[in-house]
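Enquirer: Okay, predicted coordinates and the sequence, questions at the end:
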Amino acid sequence: MNKVFLIGNLTRDPELSETNSGIPVCRFAIAVNRRFSSANGEQQTDFFNVTAWRNLAETVSRYTKKGNKVAVTGSIQIRNFEDNSGQKRTYVDIVADDVEFLTPKGSSNSAASADDYAAPAAPRKKPALEAFDDDSDIPF
């Protein structure tokens, strides 16, 4: 099974384009911190290129920008090719099945402010229940 789940921050604004047949495609990159620091205490980060297609591509392009935190679920795609100088190259890409936006709406980049979180609505009063006598309709 080829399945990947990543949480990270966009390293650049997403780029929306279309294939020759008109299918929307969005490319972006995310930085994902590793779970453990290096021996000298520095946080290590991996960078992943991500591709989203069709409606997901349009949604990601419309609602995300550089610095936003996202959760990406998808699969790993590896392509081998030769560059202009004849060198063999390998390109690793994450093909997104789903992208969840983790940065609160209206916040600048990934820093959330207190205004971004709405106070919970006051609980509604439960309606008063009326007494109910159901014995009067029983035929026995």
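Expert: Ah, there it is.
Enquirer: only C-alpha atoms for contact and neighbour calcs from this point on.
Expert: Fine.
Enquirer: Would you quantify the distance from D83 to R89?
Expert: Noted for D83: a distance of 7 Å to R89, by CA to CA, to the nearest Å.
Enquirer: And for K105?
Expert: Taken as CA to CA, the span from K105 to R89 is 39 Å.
Enquirer: And those two? Which one has more around it.
Expert: K105 (14 against 10; other CA atoms under 10 Å).
Enquirer: Check the gap between the more buried one and G67 for me.
Expert: Counting by CA to CA - K105 and G67 are separated by 13 Å.
Enquirer: again with E18
Expert: 24 Å.
Enquirer: Have a look at these two and say which one is more surrounded.
Expert: Using other CA under 10 Å as the criterion, E18 and G67 rank with G67 on top: 19 against 13.
Enquirer: Next, that one: secondary structure please.
Expert: Following DSSP: H, G, I helix; E, B strand; the rest coil, we place G67 in the coil state.
Enquirer: For stretch 15-32, output the C-alpha coordinates as PDB.
Expert: Output in PDB follows, covering the C-alpha atoms of stretch 15-32 (Å, rounded to 0.1, in the frame of the first residue of the first chain):
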ATOM      1  CA  GLU A  15       0.700  27.400  -8.200                       C
ATOM      2  CA  LEU A  16      -2.600  26.600 -10.100                       C
ATOM      3  CA  SER A  17      -2.400  25.700 -13.800                       C
ATOM      4  CA  GLU A  18      -4.300  23.500 -16.200                       C
ATOM      5  CA  THR A  19      -3.300  20.600 -18.400                       C
ATOM      6  CA  ASN A  20      -3.700  20.700 -22.100                       C
ATOM      7  CA  SER A  21      -7.100  19.000 -21.700                       C
ATOM      8  CA  GLY A  22      -8.200  21.700 -19.100                       C
ATOM      9  CA  ILE A  23      -7.800  19.700 -15.900                       C
ATOM     10  CA  PRO A  24      -6.800  21.900 -13.000                       C
ATOM     11  CA  VAL A  25      -3.500  21.000 -11.200                       C
ATOM     12  CA  CYS A  26      -2.000  22.800  -8.200                       C
ATOM     13  CA  ARG A  27       1.600  22.400  -7.100                       C
ATOM     14  CA  PHE A  28       3.000  23.400  -3.800                       C
ATOM     15  CA  ALA A  29       5.600  22.400  -1.300                       C
ATOM     16  CA  ILE A  30       5.500  21.800   2.400                       C
ATOM     17  CA  ALA A  31       8.100  21.800   5.200                       C
ATOM     18  CA  VAL A  32       7.700  19.000   7.700                       C
END
